[in-house]
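> structure for the following, please:
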Amino acid sequence: MKNILVVGTNSRPVACSAKKMGNTIYSVDYFCTSDLVKCSDYLRCILNQIPYESCGYYIERFDPELLETYANEVVDDVDCILCSAGAMPDKFPESKVIGNKKIAGIENKYNLYNLLKDKFNVPETFLVSSYAEAAQIVGSKDDKKFLVKPVFGAGGKGIKRFEETNENTNFNGMMLQEFIEGQNVSASVLSTGNEAKAIFTSRQILGEDGLGQPDEFAYCGNIVPFTDDVQVKKTAEDAIMELSLLGSNGVDMIHTGEDIYVIEVNPRFQGTFECAEEVLGINMVDAHVNACSGTIIEIPEPNKFAVKMVIFAKRRCIAGNLDFEGVYDIPERNVIIEKDEPAATVITSDESLEKAIYKAERLVERVYNELEPFPEKILARNVSV
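Predicted coordinates for the structure are as follows:
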């Protein structure tokens, strides 16, 4: 048994899996969901969920430096560190980090483009500083469509079609990327540094109105597994080896039917974490730790389908009782969740893909039924005495 520090925006999946291995868990997190509390022996969060108070907006409240500060308060008390999305491993003692030690050059999407463009199909990408500069490039390539994307960022937030921008759009920290038509597909890859193995593929659920996600390209779930396409898996494995990555990593691609384009590489645990455990019957933390130690564990074939759906508030609401089977990232009861903010996650599985999706959709309905609309202001009624 070890003392393990898990750091990230939402450390719940990793913390709970590490806890199942018999470890003592130190969690440093943004959201501080009630199910993370159950998996943690020590917990420090940025968001303090208080009944009848607003959880606010992630984009305004998340502070990576504060997350780092909280984590470093207990670094000396732990044996090792696992970083998930939102945490930069180079901010912690290298000897304690299990996984990739330096990832800034890969999370910088323009830098990643330059690292991969000579060996892989990648969408043409330009670093731009203004609408005029972007418009000039788009005008010179009228046979292509383009997206405007943050150079740094995760979950597809902030991505827009170029046509949705104008002279008033802030292009600071943005890049222009060719839009590739096709099927989005992701692969989860375990790597020892000398060997890489894609253990499954998935289809991302993006911009789903039924899940309250207003942004067209924003992440809101996965379906696992998706395809057994050998070339998809090989492309992902080759990309991970090219970047010398270690442990569990993800590769997001577009399959046009003829070609496979690498879009992004996630040098950390992916959103498919729980689905992987569900369909493969393995512990992903165990698989990651073993890969970092030089061994890829035996991976069984998927024996069912898993579906993950991240639910966003469709209006300002107050959380009811969401503590029922298949629901995760559970907010404390009676906290106020603002419109478009994440409310909960549902995960289902079945030997039939159709049944797995149906189960997930029913759970989504049940969650929304527990999210009661909550007004911006409560007006006192006139009371005659």
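
> helix, strand or coil for residue 223?
Assigned by DSSP: H, G, I helix; E, B strand; the rest coil, the conformation of residue 223 is strand.

> which element is the residue lying closest to it once chain neighbours are set aside on?
Counting by CB to CB, 6 or more residues apart in numbering, the nearest residue to residue 223 once its immediate chain neighbours are dropped is residue 203, at 4.7 Å. For the C-beta atoms, the positions are set from N, CA and C on the backbone; glycine is no exception. Applying DSSP states H and E as the criterion places residue 203 in strand 196-206.

> and residue 367, which of the three is it?
Applying three-state DSSP: residue 367 is helix.

> ditto for residue 347
strand.

> picking that back up, tell me the contacts of the residue nearest to residue 223?
Taking CB atoms under 8 Å, 6 or more residues apart in numbering, we find residue 203 in contact with 183-186, 222-223, 226.

> now swap in residue 350 and tell me
Contacts of residue 350 (CB under 8 Å, 6+ apart): 304-305, 356, 359.

> let me see the mean pLDDT of the strand holding residue 203.
Taken as a whole, strand 196-206 carries a mean pLDDT of 96.

> partners of it, with directions?
strand 183-191 (antiparallel), strand 219-224 (antiparallel) (DSSP bridges).

> using PDB, write down the CA coordinates of it.
The C-alpha coordinates for strand 196-206 follow below in PDB (Å, rounded to 0.1, in the frame of the first residue of the first chain):
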ATOM      1  CA  ALA A 196       3.100   1.100 -27.300                       C
ATOM      2  CA  LYS A 197      -0.200  -0.800 -27.400                       C
ATOM      3  CA  ALA A 198      -3.600   0.600 -28.300                       C
ATOM      4  CA  ILE A 199      -6.000  -1.200 -25.900                       C
ATOM      5  CA  PHE A 200      -9.300   0.100 -27.300                       C
ATOM      6  CA  THR A 201     -10.800   2.800 -29.500                       C
ATOM      7  CA  SER A 202     -13.800   5.000 -28.700                       C
ATOM      8  CA  ARG A 203     -16.100   7.500 -30.400                       C
ATOM      9  CA  GLN A 204     -16.400  10.900 -28.700                       C
ATOM     10  CA  ILE A 205     -19.800  12.500 -28.100                       C
ATOM     11  CA  LEU A 206     -19.400  16.200 -28.900                       C
END
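
> next one: that strand to chain centre, how far?
Distance, stretch centre to chain centre, for strand 196-206: 13 Å (CA atoms, centre = their mean, to the nearest Å).

> again, but for stretch 219-228
In terms of CA atoms, centre = their mean, the centre of stretch 219-228 is found 13 Å from the chain centre.

> wait, residue 214 sits on residue 340?
Yes - counting by CB atoms under 8 Å, residue 214 does reach residue 340; the two are 5.9 Å apart.

> still on that earlier bit, out of the contacts of residue 203, who's nearest residue 344?
residue 222 (15.7 Å; CB to CB).

> got any residues that touch both of residue 214 and residue 340?
Contact criterion CB under 8 Å, 6+ apart; residues shared by residue 214 and residue 340: residue 312.

> mind checking which of these two has more residues around it?
residue 340 (19 against 11; other CB atoms under 10 Å).

> which stretch of helix or strand covers that one?
Using DSSP H and E, residue 340 sits within no helix or strand.

> contacts only, for it.
Taking CB under 8 Å, 6+ apart as the test, what residue 340 contacts is 212-214, 312-313.

> check residue 75 too.
Residue 75 makes contact with 5, 81, 92-93, 96 under the criterion CB under 8 Å, 6+ apart.

> quick revisit: among the contacts of residue 350, which are in helices?
The members of these that map onto helices under DSSP state H are 356, 359.

> with pLDDT and distance to residue 166 added, can I get the contacts of residue 350 in a markdown table?
Output for the contacts of residue 350, formatted as a markdown table (pLDDT from 0 to 100; distance: CB to CB, whole Å):
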| residue | pLDDT | distance to residue 166 |
| --- | --- | --- |
| 304 | 96 | 47 |
| 305 | 97 | 42 |
| 356 | 98 | 42 |
| 359 | 98 | 43 |
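
> and the contacts of residue 350, which is closest to residue 49?
Distances from residue 49 to the contacts of residue 350, taken as CB to CB, are shortest for residue 359 (27.4 Å).

> and the residue nearest to the closest one when sequence neighbours are not counted, how many residues sit next to it?
Nearest residue to residue 359 in three dimensions, chain neighbours excluded: residue 348, at 3.9 Å (CB to CB, 6+ apart). Residue 348: 23 surrounding residues under other CB under 10 Å.

> is residue 348 in contact with residue 328, as I believe?
No - with contact defined as CB under 8 Å, residue 348 does not reach residue 328; the gap is 11.1 Å.

> coming back round to it: I'd like the contacts of residue 75 as a markdown table, with secondary structure, distance to residue 64 and neighbour count appended.
As requested, those are exported to a markdown table (DSSP: H, G, I helix; E, B strand; the rest coil; distance: CB to CB, whole Å; neighbours: other CB atoms under 10 Å):
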| residue | secondary structure | distance to residue 64 | neighbour count |
| --- | --- | --- | --- |
| 5 | strand | 16 | 28 |
| 81 | strand | 15 | 25 |
| 92 | coil | 13 | 20 |
| 93 | coil | 18 | 14 |
| 96 | helix | 19 | 16 |
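
> need the max-distance pair from those.
Using CB to CB, the two most remote members of these are 5 and 93, lying 10.5 Å apart.

> which neighbours do those two share?
Shared contacts of residue 5 and residue 93 (CB under 8 Å, 6+ apart): 75, 81.

> how near is the residue nearest in space to the middle of the chain to residue 253?
Nearest to the geometric centre of the chain sits residue 271, at 4.4 Å (CA atoms, centre = their mean). In this structure, residue 271 and residue 253 are 15 Å apart, going by CB to CB, to the nearest Å.
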